[in-house]
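Novice: I'll drop the sequence and a predicted model, then ask my questions.
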Amino acid sequence: EGVGPQEYTLIKLRVLDPKPAVLAKINLPIFLVAATLRPETMYGQTNCYLHPDIEYSVFYATENEDQVFVATSRSARIMAYQGLTKENGKIRFIEGLEKVLGSKIIGAALSAPLAKYEKVYALPMLTIKDDKGTGVVTSVPSDSPDDFAALSDLKKKKPLREKYGLTDDMVLPFEPVPIIEIEGLGNLAAVEMCSRLKIESQNEKDKLEEAKKEVYLKGFYDGVMQVGKYSGQKTADVKKVIQEDLIKDGLATKYVE
Ligand code: A2H
(Lines give C-alpha, C1' and ligand atoms only; values in the text may rest on other atoms or scores of the structure.)
Protein backbone atom coordinates (compact mmCIF):
# COMPACT_ATOMS: atom_id res chain seq x y z
CA GLU A 1 0.00 0.00 0.00
CA GLY A 2 1.00 3.59 -0.49
CA VAL A 3 3.13 2.76 -3.52
CA GLY A 4 1.77 4.45 -6.59
CA PRO A 5 -1.83 4.70 -7.71
CA GLN A 6 -4.28 1.93 -7.00
CA GLU A 7 -7.02 1.16 -9.52
CA TYR A 8 -10.34 0.05 -8.11
CA THR A 9 -13.54 -1.04 -9.77
CA LEU A 10 -16.49 0.93 -8.45
CA ILE A 11 -19.46 -1.40 -8.32
CA LYS A 12 -22.82 0.35 -8.63
CA LEU A 13 -25.40 -1.04 -6.21
CA ARG A 14 -28.76 0.48 -7.04
CA VAL A 15 -30.99 1.66 -4.21
CA LEU A 16 -34.43 0.04 -4.54
CA ASP A 17 -37.85 1.22 -3.38
CA PRO A 18 -38.90 1.86 -0.71
CA LYS A 19 -35.89 4.12 -0.32
CA PRO A 20 -34.59 5.23 3.07
CA ALA A 21 -36.21 8.49 4.20
CA VAL A 22 -33.11 10.65 3.51
CA LEU A 23 -33.08 9.57 -0.14
CA ALA A 24 -36.83 9.37 -0.71
CA LYS A 25 -37.20 12.66 -2.60
CA ILE A 26 -34.57 11.91 -5.24
CA ASN A 27 -36.10 11.06 -8.61
CA LEU A 28 -32.98 9.75 -10.36
CA PRO A 29 -31.41 6.29 -10.07
CA ILE A 30 -29.30 6.23 -6.89
CA PHE A 31 -26.24 4.00 -6.47
CA LEU A 32 -24.02 3.14 -3.53
CA VAL A 33 -20.62 2.89 -5.24
CA ALA A 34 -18.37 0.26 -3.67
CA ALA A 35 -14.61 0.15 -4.35
CA THR A 36 -13.26 -3.35 -4.97
CA LEU A 37 -10.03 -4.96 -6.15
CA ARG A 38 -11.91 -8.16 -6.97
CA PRO A 39 -14.58 -7.55 -9.65
CA GLU A 40 -14.62 -11.29 -10.44
CA THR A 41 -16.09 -12.00 -6.99
CA MET A 42 -19.28 -9.99 -7.56
CA TYR A 43 -21.25 -13.21 -8.16
CA GLY A 44 -20.87 -13.83 -4.43
CA GLN A 45 -22.31 -10.58 -3.06
CA THR A 46 -24.71 -11.03 -0.15
CA ASN A 47 -24.96 -7.42 1.11
CA CYS A 48 -23.15 -4.09 1.10
CA TYR A 49 -21.41 -2.39 4.02
CA LEU A 50 -21.44 1.22 5.21
CA HIS A 51 -19.86 2.57 8.38
CA PRO A 52 -22.71 3.91 10.56
CA ASP A 53 -20.65 6.86 11.82
CA ILE A 54 -18.96 7.91 8.59
CA GLU A 55 -20.48 10.84 6.69
CA TYR A 56 -21.33 10.10 3.06
CA SER A 57 -22.10 12.56 0.29
CA VAL A 58 -25.02 12.20 -2.09
CA PHE A 59 -24.17 13.85 -5.43
CA TYR A 60 -24.98 14.03 -9.13
CA ALA A 61 -22.79 11.74 -11.24
CA THR A 62 -22.04 11.22 -14.95
CA GLU A 63 -21.64 14.01 -17.49
CA ASN A 64 -25.42 14.19 -17.90
CA GLU A 65 -26.07 14.25 -14.15
CA ASP A 66 -28.68 11.56 -14.74
CA GLN A 67 -27.55 9.38 -11.83
CA VAL A 68 -26.83 9.93 -8.16
CA PHE A 69 -23.88 8.39 -6.30
CA VAL A 70 -23.37 7.83 -2.58
CA ALA A 71 -19.72 7.82 -1.40
CA THR A 72 -17.43 9.71 1.00
CA SER A 73 -16.88 13.36 0.08
CA ARG A 74 -13.16 12.65 -0.19
CA SER A 75 -13.78 10.06 -2.90
CA ALA A 76 -16.41 12.30 -4.55
CA ARG A 77 -13.72 14.96 -4.93
CA ILE A 78 -11.41 12.42 -6.56
CA MET A 79 -14.21 11.20 -8.85
CA ALA A 80 -14.84 14.80 -9.94
CA TYR A 81 -11.30 14.86 -11.35
CA GLN A 82 -11.75 11.54 -13.12
CA GLY A 83 -14.64 12.50 -15.35
CA LEU A 84 -17.33 10.95 -13.17
CA THR A 85 -19.17 14.24 -12.63
CA LYS A 86 -20.44 16.80 -15.16
CA GLU A 87 -17.80 19.44 -14.71
CA ASN A 88 -14.15 18.55 -14.16
CA GLY A 89 -13.22 19.05 -10.51
CA LYS A 90 -16.71 20.11 -9.44
CA ILE A 91 -19.29 18.25 -7.38
CA ARG A 92 -22.99 19.12 -7.21
CA PHE A 93 -24.50 17.68 -4.08
CA ILE A 94 -28.16 16.86 -3.75
CA GLU A 95 -29.54 19.75 -1.72
CA GLY A 96 -29.01 19.16 1.99
CA LEU A 97 -27.22 15.85 1.42
CA GLU A 98 -23.56 16.84 1.37
CA LYS A 99 -23.15 14.95 4.65
CA VAL A 100 -25.32 11.99 5.58
CA LEU A 101 -24.42 9.51 8.28
CA GLY A 102 -24.09 5.92 7.11
CA SER A 103 -26.60 4.91 9.78
CA LYS A 104 -29.32 6.76 7.82
CA ILE A 105 -28.76 4.59 4.75
CA ILE A 106 -28.16 1.29 6.52
CA GLY A 107 -31.14 -0.99 5.92
CA ALA A 108 -31.61 0.20 2.32
CA ALA A 109 -32.56 -2.50 -0.20
CA LEU A 110 -30.15 -2.76 -3.11
CA SER A 111 -29.71 -4.46 -6.44
CA ALA A 112 -26.11 -5.79 -6.71
CA PRO A 113 -24.62 -6.54 -10.17
CA LEU A 114 -24.08 -10.27 -10.90
CA ALA A 115 -25.29 -11.31 -7.44
CA LYS A 116 -27.37 -14.46 -7.03
CA TYR A 117 -29.63 -12.67 -4.55
CA GLU A 118 -32.04 -10.35 -6.34
CA LYS A 119 -32.20 -7.98 -3.41
CA VAL A 120 -29.50 -7.38 -0.80
CA TYR A 121 -29.24 -4.84 2.04
CA ALA A 122 -26.89 -2.14 3.29
CA LEU A 123 -25.49 -3.36 6.62
CA PRO A 124 -23.04 -1.86 9.15
CA MET A 125 -19.30 -2.65 9.21
CA LEU A 126 -17.26 -0.98 11.92
CA THR A 127 -13.82 -1.51 10.38
CA ILE A 128 -14.45 0.57 7.23
CA LYS A 129 -11.86 3.32 6.84
CA ASP A 130 -12.96 6.75 5.62
CA ASP A 131 -9.67 7.44 3.83
CA LYS A 132 -9.70 4.48 1.45
CA GLY A 133 -11.87 3.87 -1.61
CA THR A 134 -15.40 5.25 -1.34
CA GLY A 135 -16.15 4.12 2.22
CA VAL A 136 -18.67 1.73 0.67
CA VAL A 137 -17.62 -1.94 0.68
CA THR A 138 -19.57 -4.60 -1.12
CA SER A 139 -19.66 -7.87 0.77
CA VAL A 140 -18.46 -11.21 -0.55
CA PRO A 141 -18.29 -13.45 2.53
CA SER A 142 -17.23 -16.53 0.51
CA ASP A 143 -13.91 -14.90 -0.40
CA SER A 144 -13.31 -12.04 2.03
CA PRO A 145 -12.65 -12.89 5.70
CA ASP A 146 -13.53 -9.31 6.74
CA ASP A 147 -16.89 -9.55 5.01
CA PHE A 148 -17.63 -12.98 6.46
CA ALA A 149 -16.72 -11.90 10.01
CA ALA A 150 -18.90 -8.79 9.85
CA LEU A 151 -21.88 -10.71 8.45
CA SER A 152 -21.43 -13.45 11.08
CA ASP A 153 -21.44 -10.82 13.85
CA LEU A 154 -24.77 -9.50 12.61
CA LYS A 155 -26.22 -13.00 12.30
CA LYS A 156 -25.12 -14.04 15.80
CA LYS A 157 -26.08 -10.84 17.61
CA LYS A 158 -29.71 -9.80 17.60
CA PRO A 159 -28.95 -6.70 19.72
CA LEU A 160 -26.48 -5.57 17.04
CA ARG A 161 -29.17 -5.92 14.36
CA GLU A 162 -31.64 -4.04 16.54
CA LYS A 163 -29.17 -1.25 17.25
CA TYR A 164 -29.12 -0.43 13.53
CA GLY A 165 -32.83 -0.98 12.96
CA LEU A 166 -32.29 -4.11 10.86
CA THR A 167 -34.99 -6.73 10.56
CA ASP A 168 -34.04 -10.42 10.49
CA ASP A 169 -34.96 -10.75 6.81
CA MET A 170 -32.21 -8.27 5.88
CA VAL A 171 -29.52 -10.48 7.42
CA LEU A 172 -30.43 -14.07 8.25
CA PRO A 173 -31.32 -15.45 4.77
CA PHE A 174 -27.97 -14.47 3.25
CA GLU A 175 -25.43 -17.30 3.06
CA PRO A 176 -21.95 -17.19 1.49
CA VAL A 177 -22.16 -18.33 -2.14
CA PRO A 178 -19.52 -20.73 -3.54
CA ILE A 179 -18.04 -18.92 -6.54
CA ILE A 180 -14.29 -19.68 -6.63
CA GLU A 181 -12.44 -22.94 -5.97
CA ILE A 182 -9.04 -22.54 -4.28
CA GLU A 183 -6.78 -25.55 -3.96
CA GLY A 184 -6.50 -26.58 -0.32
CA LEU A 185 -9.23 -24.17 0.81
CA GLY A 186 -12.29 -25.36 -1.10
CA ASN A 187 -15.03 -23.19 -2.59
CA LEU A 188 -15.77 -21.03 0.45
CA ALA A 189 -12.20 -20.05 1.21
CA ALA A 190 -12.90 -17.18 3.60
CA VAL A 191 -15.36 -19.25 5.62
CA GLU A 192 -12.80 -22.06 5.80
CA MET A 193 -9.96 -19.77 6.98
CA CYS A 194 -12.16 -18.04 9.57
CA SER A 195 -13.04 -21.45 10.96
CA ARG A 196 -9.43 -22.73 10.97
CA LEU A 197 -8.26 -19.61 12.80
CA LYS A 198 -11.36 -19.60 15.06
CA ILE A 199 -12.19 -16.00 14.19
CA GLU A 200 -15.09 -14.89 16.39
CA SER A 201 -15.70 -11.29 15.31
CA GLN A 202 -14.81 -8.49 12.91
CA ASN A 203 -12.61 -6.95 15.63
CA GLU A 204 -9.99 -9.72 15.61
CA LYS A 205 -7.59 -7.68 13.57
CA ASP A 206 -4.47 -9.86 13.64
CA LYS A 207 -6.23 -13.13 12.89
CA LEU A 208 -8.19 -11.49 10.08
CA GLU A 209 -4.96 -10.17 8.63
CA GLU A 210 -3.58 -13.70 8.59
CA ALA A 211 -6.75 -15.14 7.05
CA LYS A 212 -6.76 -12.44 4.40
CA LYS A 213 -3.18 -13.06 3.41
CA GLU A 214 -3.87 -16.72 2.81
CA VAL A 215 -7.22 -16.39 1.01
CA TYR A 216 -6.34 -13.32 -0.94
CA LEU A 217 -3.00 -14.45 -2.37
CA LYS A 218 -4.29 -17.82 -3.45
CA GLY A 219 -7.68 -16.57 -4.60
CA PHE A 220 -6.24 -13.70 -6.58
CA TYR A 221 -3.99 -15.83 -8.75
CA ASP A 222 -4.96 -19.50 -8.63
CA GLY A 223 -8.64 -19.45 -7.86
CA VAL A 224 -10.86 -21.12 -10.45
CA MET A 225 -14.23 -19.59 -11.26
CA GLN A 226 -17.18 -21.90 -10.47
CA VAL A 227 -19.98 -19.69 -11.80
CA GLY A 228 -20.90 -17.24 -14.53
CA LYS A 229 -19.77 -16.64 -18.05
CA TYR A 230 -16.11 -17.47 -17.32
CA SER A 231 -16.66 -20.58 -15.21
CA GLY A 232 -13.60 -22.88 -15.30
CA GLN A 233 -11.12 -20.04 -15.87
CA LYS A 234 -8.55 -18.66 -13.44
CA THR A 235 -9.43 -15.54 -11.45
CA ALA A 236 -6.28 -13.72 -12.60
CA ASP A 237 -7.31 -14.27 -16.23
CA VAL A 238 -10.91 -13.09 -15.91
CA LYS A 239 -10.59 -10.14 -13.51
CA LYS A 240 -10.08 -7.62 -16.30
CA VAL A 241 -12.74 -8.96 -18.68
CA ILE A 242 -15.33 -9.09 -15.92
CA GLN A 243 -14.48 -5.49 -15.02
CA GLU A 244 -14.89 -4.51 -18.68
CA ASP A 245 -18.20 -6.39 -19.01
CA LEU A 246 -19.56 -4.61 -15.93
CA ILE A 247 -18.48 -1.21 -17.24
CA LYS A 248 -19.98 -1.89 -20.67
CA ASP A 249 -23.30 -2.75 -19.01
CA GLY A 250 -23.28 0.45 -16.94
CA LEU A 251 -22.90 -1.51 -13.71
CA ALA A 252 -19.42 -0.31 -12.75
CA THR A 253 -16.79 2.33 -13.42
CA LYS A 254 -13.04 2.70 -12.84
CA TYR A 255 -11.59 4.73 -10.02
CA VAL A 256 -7.96 5.47 -9.19
CA GLU A 257 -6.49 6.87 -5.98
B1 A2H B 1 -12.39 -6.08 -1.60
P2 A2H B 1 -6.75 -2.20 -0.25
CL3 A2H B 1 -13.84 -10.91 -2.19
N4 A2H B 1 -12.30 0.20 4.38
O5 A2H B 1 -13.57 -6.30 -2.44
C6 A2H B 1 -12.08 -1.13 4.52
N7 A2H B 1 -12.04 -2.00 3.48
C8 A2H B 1 -12.23 -1.49 2.26
C9 A2H B 1 -12.46 -0.13 2.03
C10 A2H B 1 -12.50 0.75 3.16
N11 A2H B 1 -12.72 2.05 3.03
N12 A2H B 1 -12.64 0.06 0.70
C13 A2H B 1 -12.49 -1.13 0.11
N14 A2H B 1 -12.25 -2.10 1.04
C15 A2H B 1 -12.03 -3.53 0.84
C16 A2H B 1 -14.01 -7.68 -2.41
C17 A2H B 1 -12.86 -8.41 -1.80
C18 A2H B 1 -11.90 -7.52 -1.33
C19 A2H B 1 -12.66 -9.78 -1.68
C20 A2H B 1 -11.50 -10.25 -1.10
C21 A2H B 1 -10.55 -9.35 -0.62
C22 A2H B 1 -10.75 -7.96 -0.73
C23 A2H B 1 -15.29 -7.82 -1.63
N24 A2H B 1 -15.28 -7.11 -0.39
O25 A2H B 1 -9.85 -7.05 -0.29
O26 A2H B 1 -6.31 -1.90 1.15
C27 A2H B 1 -12.57 -4.05 -0.48
O28 A2H B 1 -12.81 -5.43 -0.38
C29 A2H B 1 -8.74 -7.52 0.46
C30 A2H B 1 -7.72 -6.43 0.65
O31 A2H B 1 -6.96 -0.99 -1.10
C32 A2H B 1 -11.42 -3.94 -1.47
O33 A2H B 1 -11.48 -5.14 -2.26
O34 A2H B 1 -5.89 -3.24 -0.85
C35 A2H B 1 -10.20 -3.92 -0.58
O36 A2H B 1 -10.63 -3.74 0.78
C37 A2H B 1 -9.23 -2.79 -0.93
O38 A2H B 1 -8.18 -2.84 0.00
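Specialist: In hand now; what should we look at?
Novice: Would you state the strands of the stretch 101-250 of the chain in chain order?
Specialist: Under the criterion DSSP state E, counting those that start in this stretch, the stretch 101-250 of the chain carries strands at the ranges 109-111, 120-124, 136-139, 180-181, 224-225.
Novice: For the last one, name the packing helices and strands.
Specialist: What it means is strand 224-225. With contacts defined as 3 or more CB pairs under 8 Å, 6 or more residues apart in numbering; DSSP states H and E, the secondary structure elements packing on strand 224-225 are strand 180-181, helix 235-248. Quick note: C-beta positions are derived from backbone N, CA and C, even for glycine.
Novice: Next, the buried residues of the top strand by length along the chain.
Specialist: For the chain, the strand reaching the highest residue count under DSSP state E is reported as strand 7-15. Applying a neighbour-count criterion of 16 or more other CB atoms under 10 Å, the buried positions in strand 7-15 are 8-13, 15.
Novice: In contact with whichever residue of the stretch 51-200 of the chain sits closest to the ligand, which residues?
Specialist: Taking CB to the nearest ligand atom as the measure, the point where the stretch 51-200 of the chain comes nearest the ligand is Gly133, at 3.2 Å. Contact partners of Gly133, counting by CB atoms under 8 Å, 6 or more residues apart in numbering, are 8, 34-35, 75, 255, 257.
Novice: so Glu204 makes contact with Phe148?
Specialist: No - using CB atoms under 8 Å, Glu204 is not in contact with Phe148, being 11.9 Å away.
Novice: Between those two, which is the more surrounded one?
Specialist: Counted by other CB atoms under 10 Å, Glu204 and Phe148 do not tie: Phe148 has more neighbours, with 29 against 17.
Novice: Near the nearest residue to Tyr221 once chain neighbours are set aside, how many other residues are there?
Specialist: Nearest in space to Tyr221, with sequence neighbours left out and distances taken as CB to CB, 6 or more residues apart in numbering, is Ala236 at 5.0 Å. Around Ala236 there are 13 other residues, counting by other CB under 10 Å.
Novice: Against Glu181, how distant is Ala236?
Specialist: Computed as CB to CB, to the nearest Å, the Ala236 to Glu181 distance reads 14 Å.
Novice: swap in Tyr43?
Specialist: Looking at Tyr43 against Glu181, where the rule is CB to CB, the gap reads 13 Å.
Novice: next one: Tyr255
Specialist: From Tyr255 over to Glu181 the distance is 29 Å, taken as CB to CB.
Novice: for the stretch 51-200 of the chain, what spans make up the helices?
Specialist: 73-80, 145-156, 158-163, 189-196 (DSSP state H, counting those that start in this stretch).
Novice: Would you format these as a markdown table with mean pLDDT and distance to Lys248 included?
Specialist: Output for those, formatted as a markdown table (pLDDT from 0 to 100; distance: least, CB to CB, whole Å):
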| stretch | mean pLDDT | distance to Lys248 |
| --- | --- | --- |
| helix 73-80 | 98 | 19 |
| helix 145-156 | 98 | 26 |
| helix 158-163 | 98 | 37 |
| helix 189-196 | 97 | 29 |
